[in-house]
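> only the shape, not the letters, is given here:
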DNA sequence: CGCGAGCTTGACGTTGTTCAACTAGAGTGG
DNA sequence: CCACTCTAGTTGAACAACGTCAAGCTCGCG
């Protein structure tokens, strides 16, 4: 229909964060400066949106889709810092971590993303504190969820961390107690910082205990309360 | 000489981040708004500067001293996210993580801190994008070092993590290859997310292998290269 | 039909925690 | 001045958590 080409019909700019925020504090000339040169792209599952180590020149608005933020230590060792679903601003951390991207952003499901040029954005931000503040607050959300994930890493055993992750995915990414489990076992392992065999055995334990269920590719969270208890008690 | 009372002589405002930055972008009236009502306090080792869960109304400039950022899961389980030495801006994350502090800040050594009221700062920031950007960049530094620590947590064994921590403390906190080891073994354990017995045995291994040495309270980093290798190889 | 990627399971060894016992120094009170 | 206690540091042994390895399974795709 549409989304398999890189140059396709316009996104719905009304859903864009910048535009909705614009009602509050972005005047037409600033909006033109930022959005005028915007590039709209489609990414397929597992395509790399932004590469760790590269110098980034743009931030993006994720209209639709799911992406993961990963840090690669060596070709064999990936770590997933967080997973995010649109609509949401992504990559803005690189406005502040200036030199080089410290992590990659990779599509977990097909994504529609609108890219804005860093310099255009920064030019407007220097004179628009309110907009900058709004962006910073949204970045903080991402950091905060990463930090909670890290803390779970520091304090919990794998059995608790995976419970954490399932709850996180429900509440922040898939937004439904039943969701197509588009993250592979290996990706969950990279998120929980453990082996994929371990993920499998923990999931099958949850399954036996009736906390979750599987239907084909779908996972069904059956007992949120108990999962939260498990994540609390380690 | 002076610093054991809470109301003592003025700090050296020339060393303050805001003031040095002021040369660039802070005019006198804004500086007055922010610094006019500043409160100057002295904290002793192990005193709590900012409490997790409290609603914070101020950010601080750490003139002198060392502080740790800790997250407490329950009374028995602390995790140290990062350690920071002055002069440096601290607590500014709470400008953005608005609701409640997600971590505590506690003095590791005696500290001199100048507190600024959140609302005063925010009022100025809304109209001064450059200052906000400068503050955000400094916050990012702290996040970045936390993130690297977390990644070490995710990928490395304790043997590598503690090497990481020793190097981090040298390069970012004590700024000397020989330093008074004011962090206890238990605190290192909370930083590395392991048991304190484990810290002890790893440190005594490093010692046996000639990578580090002890002289009373002092620790001496003897072989930085090997420590870095160890931290890289897990 | 055959091949490869992702998934699953169990056996086994390593890493790290917990527990218990011991040491040394610092503070307190008679 | 000595006995007491409290805290930080240290060591080793038993045990649990977790990773690695090897084998087999299923499903989609060429």
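Sure, I can see it. Because the structure is predicted, anything quoted here is derived from the model rather than measured.

> could I get the full set of helices for chain A?
A:17-25, A:28-35, A:93-96, A:118-125, A:129-155, A:158-168, A:185-192, A:196-208, A:224-232 (DSSP state H).

> so which of those gets nearest residue B:168?
Among the helices of chain A, helix A:129-155 comes nearest to residue B:168, with 15.7 Å by C-beta to C-beta. From N, CA and C alone the C-beta is placed, and that goes for glycine too.

> how about that closest one: buried residues?
A:129-136, A:138-143, A:145-147, A:149-155 (16 or more other C-beta atoms under 10 Å in any protein chain shown).

> ok, and which of the residues you listed reach chain B?
Checking the buried residues of helix A:129-155 against chain B by C-beta under 8 Å from any C-beta of the partner chain, the ones in range are A:129-130, A:132-133, A:136, A:139-140, A:143, A:146-147, A:150-151, A:153-155.

> on that earlier part again, tell me which of the helices of chain A sits nearest to residue A:75.
Per C-beta to C-beta, nearest to residue A:75 of the helices of chain A: helix A:185-192, 13.2 Å.

> how does chain A divide into domains?
Split into domains by automatic domain parsing, chain A comes to A:13-152, A:156-232.

> ok, now which ones touch the residue most central in space within chain A?
Chain A has residue A:84 as the residue nearest its centroid, 2.0 Å off, counting by C-alpha atoms, centre = their mean. Contacts for residue A:84 (C-beta atoms under 8 Å, 6 or more residues apart in numbering or on different chains) come out as A:62, A:66-69, A:90, A:142, A:172-173.

> most neighbours among those residues, which one?
Using other C-beta atoms under 10 Å in any protein chain shown as the neighbour criterion, residue A:67 leads the contacts of residue A:84 with 28 neighbours.

> distance of it from residue A:89?
12 Å (C-beta to C-beta, to the nearest Å).

> and residue A:168, by the same measure?
19 Å.

> just want to know which of those two has more residues nearby.
Taking neighbours as other C-beta under 10 Å, residue A:168 and residue A:89 compare with residue A:89 leading, 22 against 19.

> hang on, that one packs against residue A:63?
No: assessed by C-beta atoms under 8 Å, residue A:89 is found out of contact with residue A:63, at 10.8 Å.

> any weak-confidence spans in chain A?
Along chain A, segments meeting pLDDT under 70 span A:1-12, A:20-25, A:93-99.

> which residues touch the nearest residue to residue A:161 once chain neighbours are set aside?
Distances taken as C-beta to C-beta, 6 or more residues apart in numbering or on different chains put residue A:192 closest to residue A:161, at 4.6 Å, once the chain neighbours are dropped. Residue A:192 sits next to A:153, A:158, A:161-162, A:165, A:198-199 when contact means C-beta under 8 Å, 6+ apart.

> quick check: residues of chain A near chain B?
A:71, A:73, A:77, A:79, A:81, A:93, A:96-98, A:102, A:125-130, A:132-133, A:136-137, A:139-140, A:143-144, A:146-147, A:150-151, A:153-155, A:193.

> at 7 Å instead, please
Applying C-beta under 7 Å from any C-beta of the partner chain, one finds that chain A approaches chain B through A:71, A:73, A:77, A:79, A:96-97, A:102, A:125-130, A:132-133, A:136-137, A:140, A:143-144, A:147, A:150-151, A:153-155, A:193.

> and residue A:207, how far is that from DNA strand D?
From residue A:207 over to DNA strand D the distance is 16 Å, taken as C-beta to the nearest atom of the strand, to the nearest Å.

> no, scratch that, I was asking about residue A:182
14 Å.

> torsion angles phi and psi at that residue?
Main-chain dihedrals, residue A:182, degrees, to the nearest 10: phi -80, psi -10.

> neighbours around it, how many?
Neighbour tally, residue A:182, other C-beta under 10 Å: 16.

> pretty sure it sits against residue A:108.
Yes: between residue A:182 and residue A:108 a contact is recorded at 5.8 Å, counting by C-beta atoms under 7 Å.

> partner residues bridging residue A:50?
Listed beta-bridge partners, residue A:50: residue A:105 (assigned using DSSP bridges).

> pull the number of nearby residues for it.
21.

> residue contacts, it?
A:56, A:91, A:101, A:104-105 (C-beta atoms under 7 Å, 6 or more residues apart in numbering or on different chains).

> residue A:199 now?
Residue A:199 is in contact with A:162, A:185, A:188-189, A:192, counting by C-beta under 7 Å, 6+ apart.

> in CSV: these, plus distance to residue B:205.
CSV is the format used below for the contacts of residue A:199 (distance: C-beta to C-beta, whole Å):
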residue, distance to residue B:205
A:162, 32
A:185, 35
A:188, 34
A:189, 29
A:192, 28
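
> and the residues you listed, which of them are buried?
Looks like the contacts of residue A:199 have A:162, A:188-189, A:192 buried, using 16+ other C-beta under 10 Å.
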